[in-house]
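**Student:** with the sequence up front, the predicted model follows.
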Amino acid sequence: MPTPEPPTISFSAAFRFWLKLGCISFGGPAGQIAIMQKELVDERRWISQARFNHALNYCMLLPGPEAQQLATYIGWLMHRTLGGIVAGGLFVLPSLLLLIVLSALYVAYGDLPLAKALLWGIQCAVAALVVQALHRLGSRTLGSPRAKPVHWALAVGSFVALAGLGIGFPWIVAAGALVGWLAAKRWPEQFAAGGGHGKAPSPHSPAVIDDTTPTPAHARYSRSKALKVLGIGLALWLVTIGALLAVFGIQHSLSQMGWFFTKAALLTF
């Protein structure tokens with residue numbers, strides 16, 4: 001009996017999900033990625049595990065907020081540019097509004113014993129969420145049947161370098177990529193079926209974006225499209241920074257913040 005074709009995702013359904021994600025994505029990147037894993041891969045089947053991991057690998061390699069980048073990429077993959085803008089925007093806007101409200105409440109009532117107790121309780125709960133999210137993410141990779149001894153060695157070595165030796169995260173990522181590249185040449189069987197597009201059959205029901213789903217036309221590489229996107233991004237940044245400098249001058253706090261977060265966006269992994 002042939003497998004039925006999975007349904008397509010309507011833009012309105014995607015919009016509602018990204019709005020929901022923006023309202024419940026507590027726990028930092030680990031918690032946010034774990035929520036997307038649970039909702040998009042396990043429950044809704046909008047994207048397969050292999051394609052999700054493949055996208056996450058690239059987003060982790062890029063500087064900037066990997067959880068927002070992952071949401072933006074999946075939204076773009078499903079509904080082109082508008083989908084990416086909606087996914088990335090709704091990822092942060094609800095939390096921004098909540099942050100403004102909580103900041104106002106903290107300024108007004110932060111010294112009260114009840115407010116301090118509430119904040120400490122939230123801190124402990126979020127710590128538990130992060131631990132649970134890390135366990136979920138780790139079990140999807142190191143706990144999967146594809147995990148090999150070299151994968152465990154890379155994970156343990158990275159943990160020791162981060163926690164014990166205090167080596168910076170970018171160097172860990174670069175070293176991991178180098179070791180993976182060299183080890184794949186020496187022991188290719190250790191890196192077989194590494195989560196690329198169409199390389200591993202899904203053990204679950206078909207996803208809308210499944211392991212073997214062809215890449216949509218708008219997601220295929222084109223040098224002209226890449227240069228166009230790069231040009232638009234640079235133009236938006238130049239207009240924003242130029243307007244701040246023209247209106248406030250280089251020493252103003254807003255201008256300095258713009259330059260600082262530009263560097264942070266390029267250097268924070």
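**Tutor:** Ah, there it is. Because the structure is predicted, anything quoted here is derived from the model rather than measured.

**Student:** and the end-to-end length of stretch 41-50?
**Tutor:** With CA to CA, to the nearest Å as the measure, the ends of stretch 41-50 fall 10 Å from one another.

**Student:** please identify the buried residues of it?
**Tutor:** Buried residues in stretch 41-50, defined by neighbour count with 16 or more other CB atoms under 10 Å: 41, 45-50. The way it works is simple: take the backbone N, C-alpha and C, and place the C-beta from them, glycine included.

**Student:** for it, the distance to its chain's centre please.
**Tutor:** In terms of CA atoms, centre = their mean, to the nearest Å, the gap separating the centre of stretch 41-50 from the centre of its chain is 15 Å.

**Student:** same deal with stretch 108-122?
**Tutor:** Distance of stretch 108-122 from the chain centroid (CA atoms, centre = their mean) equals 31 Å.

**Student:** quick one: contacts of that stretch?
**Tutor:** 105-106 (CB atoms under 8 Å, 6 or more residues apart in numbering).

**Student:** what's the mean pLDDT across it?
**Tutor:** The average pLDDT within stretch 108-122 is 80.

**Student:** next, A133: secondary structure please.
**Tutor:** Of the three states, A133 takes helix under DSSP: H, G, I helix; E, B strand; the rest coil.

**Student:** enumerate every residue touching it.
**Tutor:** Applying CB under 8 Å, 6+ apart, the residues near A133 are 27, 30-31, 33-35.

**Student:** possible to save the residues you listed as TSV with secondary structure, distance to R16 and pLDDT?
**Tutor:** Shown next, in TSV, are the contacts of A133 (DSSP: H, G, I helix; E, B strand; the rest coil; distance: CB to CB, whole Å; pLDDT from 0 to 100):
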residue	secondary structure	distance to R16	pLDDT
G27	coil	21	70
A30	helix	24	80
G31	helix	20	81
I33	helix	20	89
A34	helix	20	86
I35	helix	15	88
